[in-house]
Every structure is written in structure tokens, then in C-alpha cells.
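**Student:** Any chance you could fold what I've pasted below:
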Amino acid sequence: MQNRRQHYRHEFGPTRLFKVWLQAAQGATVVEAEVINLSTGGLCVFSPELRSANPSDWVATIALDTETQPLNVPVQRVYARHNEQACCGFQFQSMGAEADEERERAIWRFLLREQRRRWQMLRGA
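**Tutor:** Residues are numbered from 1 along each chain as shown. Below you'll find the predicted structure:
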């Protein structure tokens, strides 16, 4: 089987709660969701509220750390699991070359810290 993914995806285990807030691009709907995985190209989230929220275009607010402002990124819902409409994948939309590059750098820094944290936890450090 061929891997069709363009980006490395970091999976968040059940012991690592990581939240994101999604606001419908057209309207006042705001959904708090748990991040299942994150990459520089998008994210997969779980929230029971997504079952009844139909918009495809959202703005995701992602707090990668406590020292910097959260990222506000336009995203588009690209799939919902058929048997679980509360689990959805979102693709980051372009905000211009410079902003996209900065977003990718911020996410990579965060993902490297997460990998390091997980490695240290597994080693018992």
C-alpha cells in the first residue's frame, strides 16, 4: 500500500489532551475539539459538536505554546469519517507565501518539542 500523505502527521495519544477551537467562516458557530493528529498541512479533530455543524470553511485557533499568540488559520473540512461524523480532517488554506511559511515553521517547532517530550517520557527522564 502506498502512503498518499504529503506531510508527516504527529498523533496525539489519549493521555495528551490538545485542544483547538474552530469558528465557522460564515457565522457564529464555535466548536472546541480535541486534536487527534497534526501536520504542517492540516489536522484531524474530534468533537461531538461537529456532527451537526455543516460548514466546510472554518478558522482554526491553535495554541501551540503559552509564550506566543495562538495561530489563527483558515481551514477547510476535507473529510468526516462515515461512521463517526464527529471525527473530521481539515486542510490548512493558504494565507500567502510568507504567512504559510511562518505557520509551517511554528508547527514544526511544536511537533519537534512534542516528539522530544514523548521520547523523554518513554525513557523515564
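**Student:** Phi first, then psi, for M95.
**Tutor:** phi -120, psi 10 (degrees, to the nearest 10).
**Student:** Which residues are in contact with it?
**Tutor:** M95 is in contact with V73, P74, R103, counting by Cβ atoms under 8 Å, 6 or more residues apart in numbering. Heads up, the C-betas are built off the backbone N, CA and C, glycines and all.
**Student:** Just the buried residues out of those, in ChimeraX syntax.
**Tutor:** Entered in ChimeraX, the line below selects the buried ones among the contacts of M95, by 16 or more other Cβ atoms under 10 Å:
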select :73,103
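**Student:** So the residue nearest the centre of the chain: helix, strand or coil?
**Tutor:** The centroid of the chain falls nearest to L43 when counting by Cα atoms, centre = their mean (3.3 Å). Assigned with DSSP: H, G, I helix; E, B strand; the rest coil, L43 falls in the strand class.
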